[in-house]
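Novice: sharing a model that was predicted from the sequence below.
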Amino acid sequence: MTSHDRIAVVDFGGQYAHLIATKVRRQRVLAEILQPEDPVEAFDGMNGIILSGSPSLASGGEGGFNAAILDIDIPILGFCFGHQEIAKRYGGTVQHCRSEYGPARLQVIAETPVFAGLPEHQTVWMSHQDTVVSVGDGFREVGVSYDHDGTAHRYAAIADEARRRYGFQYHPEVDDTEHGEAMIRNFVLNVCGCRGDWTMARHLDEQLAHVRERVGARRVFLLASGGVDSTVCARLLGEALGPDQLHLLHVDNGFMRKDESRLVVEELQRFGLGRNLHFVDASDRFLSSLDGVIEPERKRHIIGETFIKVFEDEMRRLDLGDMLLAQGTIYPDTIETGGTKRADTIKTHHNRVPIIEDMIRAGRVIEPISDLYKVEVREMAEALGIADTLVWRQPFPGPGLGVRLLCSDGRAPEGHDPGRTQPLIDAQLEGTGLEGLLLPVRSVGVKADLRTYEQPVVLMGDAPHETLLSVAAQIYGRVPGVNRCVLDLSGRGIRRAEPRAAGVTRARLDLLREADAIVMGAVERHGLLRSIWQFPTVMLPLVIDGRGEELIILRPVQSERGMTARPTLLPGALVDEIRGPILSLPGVSGLVLDLTTKPPGTIEWE
Ligand code: XMP
């Protein structure tokens with residue numbers, strides 16, 4: 001890897017560091033995330049450094065920042081908080097002035113290599129409270145920004161060509177900043193002199209050689225879930241080692257989508273990896289471990305535990321001797337940041353369970369795609385000839401449909417008090433022409449970083465998309481005990497909803513699988529598989545107006561990495577296409593669309 005030019009991105013804790021790294025990599029230059037407290041030696045061999053912004057440090061906290069990084073004699077570019085740190089280090093001052101959020105107009109007022117080829121004016125994206133108000137010797141002001149009412153903000157961009165230090169108050173890494181990519185390209189290619197030769201073809205060749213060298217004559221064992229990461233690993237290892245050395249295990253935990261296990265196995269066979277492909281149908285074992293369990297966290301925990309037991313049993317049964325374990329861990333999961341730390345806690349993931357940690361310590365784990373972001377994994381998948389339908393598969397949680405099949409003891413949730421809550425809902429709906437009803441169930445959500453377990457409200461009636469979304473936001477924002485709003489898609493309205501006792505059963509999972517298959521089929525036909533980030537179909541044991549037993553919930557969302565999410569509205573033609581088939585599935589009582597952002601709703605309902 002050291003043969004490549006590299007840029008270090010110092011992560012000050014915002015979600016922006018990964019975005020910056022992907023934008024640098026788009027220039028075919030390898031970017032690696034480093035931490036502010038890392039020693040100077042960690043930057044050896046880097047061609048340049050980008051300092052990220054930091055929403056949480058907007059007022060200038062510097063905890064743990066090794067300021068000696070700023071003295072390393074390579075080009076450094078700072079964004080937002082990083083920009084302010086650079087200004088301060090060289091004698092400038094930073095003050096708490098008027099905050100700027102969202103779009104501003106940047107005027108380039110002096111020539112500098114980072115602005116080469118740019119027009120004089122462009123829209124840039126701001127998010128800051130502190131501002132640079134003066135710069136030290138050697139620095140020039142090269143950009144001024146104007147906010148929505150025309151107020152000028154000085155030192156929006158600064159440069160010191162002799163020291164090769166640059167700073168932007170705005171965020172060039174976000175797509176809303178015009179020419180942001182050109183600014184990053186100018187820095188990386190022109191100022192840092194990187195060659196831009198980190199192509200996927202080259203990276204793939206290097207990984208193949210690396211795997212061969214690392215593995216030698218040993219056997220390699222890989223869990224193939226069917227997700228794009230493990231599939232790319234399987235294909236890569238197969239290419240490097242051939243089918244004899246590679247043992248694949250696919251476990252059907254009973255929470256897979258319809259026909260999914262069959263398709264996964266077929267795809268792996270198509271790659272010529274069928275020789276040592278082990279398939280275990282553990283669905284009975286998972287189902288019986290969940291007998292009588294209805295509480296979401298317990299369900300998730302039991303599914304995780306059972307998975308580890310199955311995994312250990314299979315390892316023992318296969319008895320592969322001195323083997324290596326391969327994992328499809330990707331780059332964001334190997335980096336400790338605020339963003340990924342939380343993601344780790346919600347995932348009872350099998351990448352870091354004790355037995356695997358022991359193997360990592362013993363040097364027996366190989367992670368061939370751990371340098372790659374998801375978009376790059378997909379690029380590699382394409383380079384390896386993996387089918388489009390697999391490459392573009394939406395993220396699917398480890399516990400699968402297990403977290404989309406809600407259970408109930410048949411009673412309304414504790415604190416369910418329509419006498420108190422319904423008038424508050426009605427007040428929010430006044431004058432909108434919409435009706436709303438509090439549903440006697442709960443789902444998981446998140447408010448101010450805390451997990452909530454609250455009730456949804458179903459809206460009924462016709463209104464433009466924007467109205468529906470803003471009414472929904474008002475209700476879950478203002479009515480205590482409510483964390484979601486859904487929209488009735490049945491066209492029949494809902495007068496009365498009653499919970500029904502239901503646990504995890506094969507019959508319920510099969511029904512959810514059918515509904516999910518109808519939805520995913522329509523999404524594919526309408527060409528929306530790539531543009532919708534994730535589309536869970538959820539099932540809830542609810543009798544509606546005395547009819548049916550299960551409410552089907554559509555949860556299409558847009559998201560970046562799942563930390564936050566926006567509800568996606570579906571084309572009317574798609575809804576018309578799936579309404580009939582879903583409502584006529586035996587036992588289905590209704591069909592609704594989730595209108596909730598994350599926060600306060602999570603993407604999954606459990
Ligand atoms: P939430 O529901 O927390 O989900 O908004 C965010 C993202 O994480 C996925 N997710 C999981 N993935 N094991 C996983 O591997 C889990 O237990 C799990 N729970 C949620 C979810 O599908 C979404 O993409």
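Specialist: Sure thing, it's come through. Numbering: from 1, shown residues only.
Novice: and after the one helix or strand L208 maps to, which helix or strand comes next?
Specialist: For L208, the element it lies in under DSSP states H and E is helix 200-215. Per DSSP H and E, the first helix or strand lying C-terminal to helix 200-215 is strand 219-223.
Novice: which residues sit against that following strand?
Specialist: Under the criterion Cβ atoms under 8 Å, 6 or more residues apart in numbering, residues 230, 233-234, 237, 241, 245-251, 311, 315, 318, 320-328, 350, 366 lie in contact with strand 219-223. Quick note: C-beta positions are derived from backbone N, CA and C, even for glycine.
Novice: please indicate which of these are buried?
Specialist: With burial judged by 16 or more other Cβ atoms under 10 Å, the buried subset of these is 230, 233-234, 237, 241, 245-251, 311, 315, 320, 323-328, 350, 366.
Novice: of these, which belong to helices?
Specialist: 230, 233-234, 237, 241, 311, 315 (DSSP state H).
Novice: now do the helix holding L208 against strand 219-223, angle only.
Specialist: 120 degrees (axes from the mean of the first three to the mean of the last three Cα atoms, to 10 degrees).
Novice: mind listing what's buried along stretch 128-145?
Specialist: 128, 130-132, 135, 139, 141-145.
Novice: check stretch 373-386 too.
Specialist: Neighbour counts over stretch 373-386 (16+ other Cβ under 10 Å) mark 373-374, 376-381, 383-384, 386 as buried.
Novice: what about dumping the CA coordinates of that stretch to PDB?
Specialist: C-alpha atoms of stretch 373-386 as PDB (Å, rounded to 0.1, in the frame of the first residue of the first chain):
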ATOM      1  CA  TYR A 373     -15.800   2.200   1.500                       C
ATOM      2  CA  LYS A 374     -19.100   0.700   0.400                       C
ATOM      3  CA  VAL A 375     -19.100   2.500  -2.900                       C
ATOM      4  CA  GLU A 376     -15.600   1.100  -3.500                       C
ATOM      5  CA  VAL A 377     -16.700  -2.400  -2.500                       C
ATOM      6  CA  ARG A 378     -19.400  -2.100  -5.200                       C
ATOM      7  CA  GLU A 379     -16.800  -0.900  -7.700                       C
ATOM      8  CA  MET A 380     -14.700  -4.000  -6.900                       C
ATOM      9  CA  ALA A 381     -17.800  -6.200  -7.200                       C
ATOM     10  CA  GLU A 382     -18.300  -4.800 -10.700                       C
ATOM     11  CA  ALA A 383     -14.700  -5.400 -11.500                       C
ATOM     12  CA  LEU A 384     -15.100  -9.000 -10.300                       C
ATOM     13  CA  GLY A 385     -18.200  -9.500 -12.500                       C
ATOM     14  CA  ILE A 386     -20.700  -9.900  -9.700                       C
END
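Novice: residues in contact with it: which ones?
Specialist: Counting by Cβ under 8 Å, 6+ apart, 18, 21-22, 25, 200-201, 203-204, 228-229, 231-232, 235-236, 239, 267, 330-332, 369, 372, 390-392 sit against stretch 373-386.
Novice: buried ones only from those residues, please, as a ChimeraX command.
Specialist: Command for ChimeraX that selects the buried part of the contacts of stretch 373-386, burial taken from 16+ other Cβ under 10 Å:
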select :18,21,22,25,203,204,228,229,231,232,235,236,239,267,330,331,332,369,372,390,391
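Novice: okay, and A427 sits in which element?
Specialist: Here A427 is assigned to helix 418-429, by DSSP H and E.
Novice: same deal with E100?
Specialist: strand 93-108.
Novice: and the residue lying farthest from the centre of the chain, what does it touch?
Specialist: The centre of the chain is farthest from one residue, D137, which by Cα atoms, centre = their mean lies 42.8 Å away. By Cβ under 8 Å, 6+ apart, D137 lies in contact with 90-91.
Novice: try G402
Specialist: Applying Cβ under 8 Å, 6+ apart, we find G402 in contact with 253, 255, 286, 290, 299-300, 303, 504.
Novice: and for G92?
Specialist: G92 touches 132-136, 139, 155, 158, counting by Cβ under 8 Å, 6+ apart.
Novice: let's see that with 10 Å instead.
Specialist: Taking Cβ atoms under 10 Å, 6 or more residues apart in numbering, we find G92 in contact with 83-86, 132-137, 139, 155, 158, 167.
Novice: cool, E606 as well?
Specialist: E606 sits next to 295-297, 299-300, 397, 399, 402-407, 442-444, 453, 538 when contact means Cβ under 10 Å, 6+ apart.
Novice: and what of V124?
Specialist: 100, 103-106, 143, 145, 156-157, 168-172, 174, 176-180, 183.
Novice: just the element for it, please.
Specialist: Assessed by DSSP H and E, V124 sits inside strand 121-134.
Novice: and that strand, C-alpha only, in CSV?
Specialist: Extracted as CSV, the C-alpha positions of strand 121-134 are listed here (Å, rounded to 0.1, in the frame of the first residue of the first chain):
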residue,chain,number,x,y,z
HIS,A,121,-18.7,33.1,-7.5
GLN,A,122,-20.1,29.8,-6.3
THR,A,123,-22.5,28.5,-3.7
VAL,A,124,-20.8,26.9,-0.7
TRP,A,125,-22.2,25.1,2.4
MET,A,126,-21.6,26.5,5.8
SER,A,127,-22.1,25.2,9.3
HIS,A,128,-20.3,27.2,12.0
GLN,A,129,-20.5,29.5,14.9
ASP,A,130,-16.9,30.6,15.2
THR,A,131,-15.1,32.7,12.5
VAL,A,132,-11.6,33.6,11.6
VAL,A,133,-11.3,37.4,12.0
SER,A,134,-7.6,37.9,11.3
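Novice: now do it, average pLDDT.
Specialist: Averaged over strand 121-134, pLDDT sits at 93.
Novice: direction included, what does that strand pair up with?
Specialist: Taking DSSP bridges as the criterion, strand 121-134 forms sheet pairs with strand 93-108 (antiparallel).
Novice: any idea which helix or strand in the chain has the lowest mean pLDDT?
Specialist: Sorted by mean pLDDT, DSSP states H and E, the helices and strands of the chain end with helix 338-346, the least confident at a mean of 38.
Novice: residues in contact with the closest residue to M256 other than its chain neighbours?
Specialist: What sits nearest to M256 in space, not counting adjacent residues and going by Cβ to Cβ, 6 or more residues apart in numbering, is G400, at 5.8 Å. By Cβ under 10 Å, 6+ apart, the contact set of G400 is 225, 252-257, 260, 286, 303, 509.
Novice: give me that answer again for 7 Å
Specialist: Taking Cβ atoms under 7 Å, 6 or more residues apart in numbering, we find G400 in contact with 253, 255-256.
Novice: the ligand: which of the residues you listed is nearest?
Specialist: Nearest to the ligand among those is F255, at 10.8 Å by Cβ to the nearest ligand atom.
Novice: wait, isn't that closest one in contact with F396?
Specialist: No. F255 lies out of contact with F396 (Cβ atoms under 7 Å); the separation is 9.5 Å.
Novice: neighbour count: these two, which is higher?
Specialist: Per other Cβ atoms under 10 Å, whichever of F255 and F396 has more neighbours is F255, with 25 against 18.
Novice: tell me the pLDDT of the residue nearest to that one when sequence neighbours are not counted.
Specialist: Residue nearest to F255 in three dimensions, not counting chain neighbours: G400, with 3.2 Å by Cβ to Cβ, 6+ apart. According to the prediction, G400 has pLDDT 95.
Novice: where does the stretch 151-300 of the chain get nearest to the ligand, residue-wise?
Specialist: Closest residue of the stretch 151-300 of the chain to the ligand, Cβ to the nearest ligand atom: R300 (5.5 Å).
Novice: doesn't that residue lie inside a strand?
Specialist: No. Looking at R300 with DSSP: H, G, I helix; E, B strand; the rest coil, it is helix, so not inside a strand.
Novice: distance of it relative to E604?
Specialist: R300 sits 10 Å away from E604, going by Cβ to Cβ, to the nearest Å.
Novice: try L528
Specialist: 20 Å.
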